[in-house]
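In: sequence plus the predicted model coming up.
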Amino acid sequence: MIKYEEFKKVELITAKVLDAELHGNKLIKLRVKADKERIILAGLKEHYKPQELIGKNIVLVANLEPKKLAGEMSEGMLLAAEKEGRISLLTTDTDMPANSKIH
């Protein structure tokens, strides 16, 4: 269990996937528009084709420290659900503008 004050530190926002391409063996490199354009690397290759992701409104952890993955900096983390090896991205059910705050 974490305290509410700790959870409030996590900044969740919407982001629009502008472009996506394969990157290495397991990753997809996404260019997204949120508070700014960002590059996000995600282990989605086994679950999605890059072209399936373009145009989606995803949920992004915006204030996560950037991390180098497979030689490239990833500037956030997208949220996805996982059950028995199946992955599903968290998306909005309507076309929300980029950088909408998740409450």
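Out: Sure thing, it's come through. Residues are numbered from 1 along each chain as shown.
In: quick one: average confidence on the longest strand that the chain contains?
Out: The longest strand of the chain (DSSP state E) is strand 12-23. For strand 12-23, mean pLDDT rounds to 97.
In: what does that strand contact?
Out: Residues outside strand 12-23 that contact it (CB atoms under 8 Å, 6 or more residues apart in numbering) are 28-35, 37-38, 40-41, 45, 50-51, 53-62, 70, 72, 76, 78-79, 92, 96-102. C-beta coordinates here come from the backbone N, C-alpha and C atoms, glycine included.
In: list the buried residues for that strand?
Out: Buried residues in strand 12-23, defined by neighbour count with 16 or more other CB atoms under 10 Å: 13, 14, 15, 16, 17, 20, 23.
In: now do stretch 48-67
Out: Going by 16+ other CB under 10 Å, stretch 48-67 has these buried residues: 48, 50, 53, 56, 57, 58, 59, 60, 62.
In: and the spatially most central residue of the chain, what are its bridge partners?
Out: Geometric centre of the chain, nearest residue: residue 78, 2.1 Å, by CA atoms, centre = their mean. Beta-bridge pairing for residue 78 (DSSP bridges): residue 60.
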